[in-house]
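*Asks:* Test case, fold it:
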Amino acid sequence: MKKDIHPKYTETKARCACGNEILVGSTKENISVEICSKCHPFYTGKQKLVDSAGRIERFRRKYAKFQNQ
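*Replies:* Numbering: from 1, shown residues only. Okay, here's the model as predicted:
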């Protein structure tokens, strides 16, 4: 490898919006992320409920005139 062309690699903290801090290795300092494994629904098992009934009714109203033909 050539000398003096690579960025400095150090350990830094990645901070999540939920307040969790993770020690990681990176070439950047003070990393901020919006979501991490502590607050992501896939890892926590808490899924966000979506109003699918409202979407279905809106779809039916929009295409009701095509069903009557």
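
*Asks:* What segments of this structure are strands?
*Replies:* Secondary structure of the chain (DSSP state E): strands at 10-16, 21-26, 31-33.

*Asks:* Give me the angle between the first one and strand 21-26.
*Replies:* Comparing the axes of strand 10-16 and strand 21-26 via axes from the mean of the first three to the mean of the last three C-alpha atoms, to 10 degrees yields an angle of 140 degrees.

*Asks:* May I see the buried residues of strand 10-16?
*Replies:* Residues of strand 10-16 classed as buried by neighbour count (16 or more other C-beta atoms under 10 Å): 12, 14, 16. Any C-beta I mention is one placed from the backbone N, CA and C, and that applies to glycine too.

*Asks:* gap between stretch 5-25 and the chain center?
*Replies:* 17 Å (C-alpha atoms, centre = their mean, to the nearest Å).

*Asks:* average pLDDT across it?
*Replies:* Stretch 5-25 carries an average pLDDT of 91.

*Asks:* Span of that stretch from start to end?
*Replies:* Stretch 5-25 has an end-to-end distance of 18 Å (C-alpha to C-alpha, to the nearest Å).

*Asks:* contacting residues around the closest residue to Lys38 other than its chain neighbours?
*Replies:* Leaving aside its sequence neighbours, Lys38 sits nearest to Asn20 (C-beta to C-beta, 6 or more residues apart in numbering; 4.4 Å). By C-beta atoms under 8 Å, 6 or more residues apart in numbering, Asn20 lies in contact with 36, 38-39.

*Asks:* gap between Val24 and Lys62?
*Replies:* 47 Å (C-beta to C-beta, to the nearest Å).

*Asks:* how about the helices in the chain?
*Replies:* Secondary structure of the chain by DSSP state H: the helices cover 41-44, 52-62, 64-67.

*Asks:* and the first one, how far out from the chain's middle?
*Replies:* For helix 41-44, the gap between its own C-alpha mean and the chain's C-alpha mean amounts to 11 Å (C-alpha atoms, centre = their mean).

*Asks:* Ok, stretch 3-23 next?
*Replies:* Relative to its parent chain, stretch 3-23 has a centroid offset of 19 Å by C-alpha atoms, centre = their mean.

*Asks:* Quick check: end-to-end length of that stretch?
*Replies:* 27 Å.
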